[in-house]
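J.: Here you go, sequence then predicted model.
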Number of protein chains: 2
Amino acid sequence: MRASDKAYAALREDIIEWRLLPGTVLAEVEQSERLGISRTPLREALSRLTAEGLTAAGGRGVVVTDISLEDIDELFELRETLEGKAAALAAERGDAATFERLRNELLLAPALITGGDPARHDYYGLVGRLDAAIDASISNSYLAQAMRSLRVHLVRVRRLAADDATRLTAAAAEHATIAEAIAAGNSRLAEAATTVHLHRSLSHIKATHTPR
Amino acid sequence: MRASDKAYAALREDIIEWRLLPGTVLAEVEQSERLGISRTPLREALSRLTAEGLTAAGGRGVVVTDISLEDIDELFELRETLEGKAAALAAERGDAATFERLRNELLLAPALITGGDPARHDYYGLVGRLDAAIDASISNSYLAQAMRSLRVHLVRVRRLAADDATRLTAAAAEHATIAEAIAAGNSRLAEAATTVHLHRSLSHIKATHTPR
DNA sequence: GCTCGGATCTATGTATACAGAACCGTTGTG
DNA sequence: CACAACGGTTCTGTATACATAGATCCGAGC
């Protein structure tokens, strides 16, 4: 693996996990020494992070960007637009059998959620597979790219909220509804189910949001 | 201006204007000598271009990405989603007087379009101001960012089509309709007018598309 | 004549040195 | 006592040298 990739992955992880808090100045020499590489690959990593919006180039050095409550609203507004469209397209173009299978798995998900941490990891993987199946079905690389760049920020937001078993169980049911609508080829229902799911997620995040 | 900014602007311009054709390999030493800078700032410029999707990092060096007919369809699919939402939000949140003024200017636009090249430049500026007014009204930086990254590719596509006076006159009327709907605060109409406009644009581009 | 292997060469990835600019602390003056 | 200007320090921006990996080409062997 290239040193710049390593630095990018490490910094991105640190930012997403809130180990590097917003406002932190990422000085080049300091970070390059911390990561054990030279400044050149580090600069490339910082460029990529800045392009993604995780950092911003201020006058002196790059700083970790903040996510305010208004940002979360904006983020979900865009997310609703993109994922709603994606779900509708998946309903039109996706493979029904694939989503039918995902739906059946999602209906069994509550067992995973209450089953402790390793099983819960399986649940996150299952949701990820639903996302991936939608991505693959839409066959629109630009839309897929836009959603990818959104998800980076969403992971960051998610870490602010508590994902308790109650909410996860409800979310699994919502996901199952989305999968069912896609499998049935009902694009309007798929979009509506996505809208509902995202509103519930947003409400939950705002309710359990822990100010830093 | 920094050397990397200069290189970025120059390469971006070359790609958008189709002076650097898809598939062209941008070798680092070659381009750095052509632009009169060293490899370090050039690499940063190439990173930015790759992040935007104008170039792609292949096994050896970065290559200028292609835009196929399918890409144009995908591009407009996403564009319809984003700009439709943006127009709707602008109708809800925008300042009516601003869009009323833009509408009145757009109604006078046919005179600019038939008035030769310098006047036509004014027309493009007017459309740009409508875009900027919508961007400012939505007050959603993530959505605005997504639209910005889309516009880069759209400029590239637009150069493939012939923008004759007939089409531009029709487009001006469509833009005026959008501005009117936003000024009236009618979000559904604004979204519908945007959808119509984009479909017309896409049809025109595909009809007059000149295969390279 | 074709294929496989090695050597060479070229382009990218990384490190480092140097220059220029910005920021902070200090000092001098109003 | 406050504010501004100046100098030092530190950081970024750029250039260049070096290492490394991949590709290409030539030659030998089958």
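T.: Received the coordinates, thanks. Residues are numbered from 1 along each chain as shown, chains lettered A, B, ... in the order given.
J.: Pull up the residues of chain A that are close to DNA strand C.
T.: Chain A comes close to DNA strand C at residues A:2-4, A:37-41, A:44, A:59-60, as judged by C-beta under 7 Å from any atom of the strand. Bear in mind the C-beta positions are built from the backbone N, C-alpha and C, glycine included.
J.: again, 6 Å this time
T.: Selection of chain A residues close to DNA strand C by C-beta under 6 Å from any atom of the strand yields A:2-4, A:37-41, A:59-60.
J.: Quickly find the element holding residue A:122.
T.: helix A:117-138 (DSSP states H and E).
J.: From the chain's centre, how far out is that helix? Work that out for me.
T.: The chain centre lies 11 Å from the centre of helix A:117-138; the measure is C-alpha atoms, centre = their mean, to the nearest Å.
J.: quick one: buried residues of the next helix or strand after it?
T.: Note on helix A:117-138: by DSSP H and E, the next helix or strand toward the C-terminus is helix A:141-158. Residues A:142-147, A:149-150, A:153-154, A:156-157 are the ones in helix A:141-158 that count as buried (16 or more other C-beta atoms under 10 Å in any protein chain shown).
J.: can you give me the angle helix A:141-158 makes with helix B:141-158?
T.: Put simply, helix A:141-158 runs at 170 degrees to helix B:141-158, going by axes from the mean of the first three to the mean of the last three C-alpha atoms, to 10 degrees.
J.: Give me the domain ranges for chain A.
T.: A:3-64, A:69-208 (automatic domain parsing).
J.: end-to-end on the longest one?
T.: Spelled out, that is domain A:69-208. 12 Å (C-alpha to C-alpha, to the nearest Å).
J.: That domain near chain B anywhere?
T.: Yes: using C-beta under 8 Å from any C-beta of the partner chain, we find that domain A:69-208 touches chain B at A:71, A:74-75, A:77-78, A:81-82, A:85, A:89, A:139-143, A:145-146, A:149-150, A:153.
J.: Next up, the contacts around residue A:56.
T.: Residue A:56 makes contacts with A:50, A:62-63, A:65, as judged by C-beta atoms under 8 Å, 6 or more residues apart in numbering or on different chains.
J.: element containing it?
T.: Secondary structure (DSSP H and E) places residue A:56 in strand A:55-57.
J.: For that strand, give the mean pLDDT please.
T.: Per-residue pLDDT values over strand A:55-57 give a mean of 93.
J.: Equivalent analysis for stretch A:198-208, please.
T.: On average, stretch A:198-208 scores 94.
J.: Also stretch A:71-87?
T.: Rounded mean pLDDT across stretch A:71-87 is 97.
J.: returning to that earlier point: ok, the buried residues of helix A:141-158 vs residue B:116, which is closest?
T.: residue A:142 (35.4 Å; C-beta to C-beta).
J.: Quick one: neighbours of the closest residue to the closest one other than its chain neighbours, just the number.
T.: Spatial nearest neighbour of residue A:142, chain neighbours left out: residue B:78 (4.7 Å); criterion: C-beta to C-beta, 6 or more residues apart in numbering or on different chains. By the criterion of other C-beta atoms under 10 Å in any protein chain shown, residue B:78 has 23 neighbours.
J.: contacting residues around residue A:185?
T.: A:91-92, A:96.
J.: Just send those residues back as CSV, with secondary structure too.
T.: As requested, the contacts of residue A:185 are arranged in CSV below (DSSP: H, G, I helix; E, B strand; the rest coil):
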residue, secondary structure
A:91, helix
A:92, helix
A:96, helix
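J.: Could you turn the buried ones of those residues into a ChimeraX selection?
T.: The command below creates a ChimeraX selection of those among the contacts of residue A:185 that count as buried (16+ other C-beta under 10 Å):
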select /A:91
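J.: From the contacts of residue A:185, pick the one nearest DNA strand D.
T.: residue A:92 (38.9 Å; C-beta to the nearest atom of the strand).
J.: my guess is that closest one meets residue A:187, correct?
T.: Yes: using C-beta atoms under 8 Å, residue A:92 is in contact with residue A:187, at 5.3 Å.
J.: check contacts around the residue nearest to the spatial centre of chain A.
T.: Central residue of chain A (C-alpha atoms, centre = their mean): residue A:151, 3.1 Å from the mean position. The contact partners of residue A:151, by C-beta under 8 Å, 6+ apart, come to residue A:131.
J.: Recalculate using a threshold of 10 Å.
T.: A:79, A:83, A:131, A:158 (C-beta atoms under 10 Å, 6 or more residues apart in numbering or on different chains).
J.: Tell me the one among those residues nearest to DNA strand C.
T.: Once C-beta to the nearest atom of the strand is applied, the member of these that ends up nearest DNA strand C is residue A:131, at 29.0 Å.
J.: Strand partners (parallel or antiparallel) of the strand holding residue A:56?
T.: strand A:62-64 (antiparallel) (DSSP bridges).
J.: contacts for the strand it pairs with?
T.: A:11, A:14-15, A:18, A:20-28, A:31, A:43, A:46-47, A:49-50, A:54-57.
J.: filter those residues to the buried ones?
T.: A:11, A:14-15, A:20, A:22, A:26, A:31, A:43, A:46-47, A:49-50, A:54-55.
J.: roughly how far is the worst-scoring helix or strand of chain A on mean pLDDT from the heart of the chain?
T.: In chain A, no helix or strand scores lower on mean pLDDT, DSSP states H and E than helix A:109-113, which sits at a mean of 84. Relative to the centre of its chain, helix A:109-113 is centred 20 Å away, using C-alpha atoms, centre = their mean.
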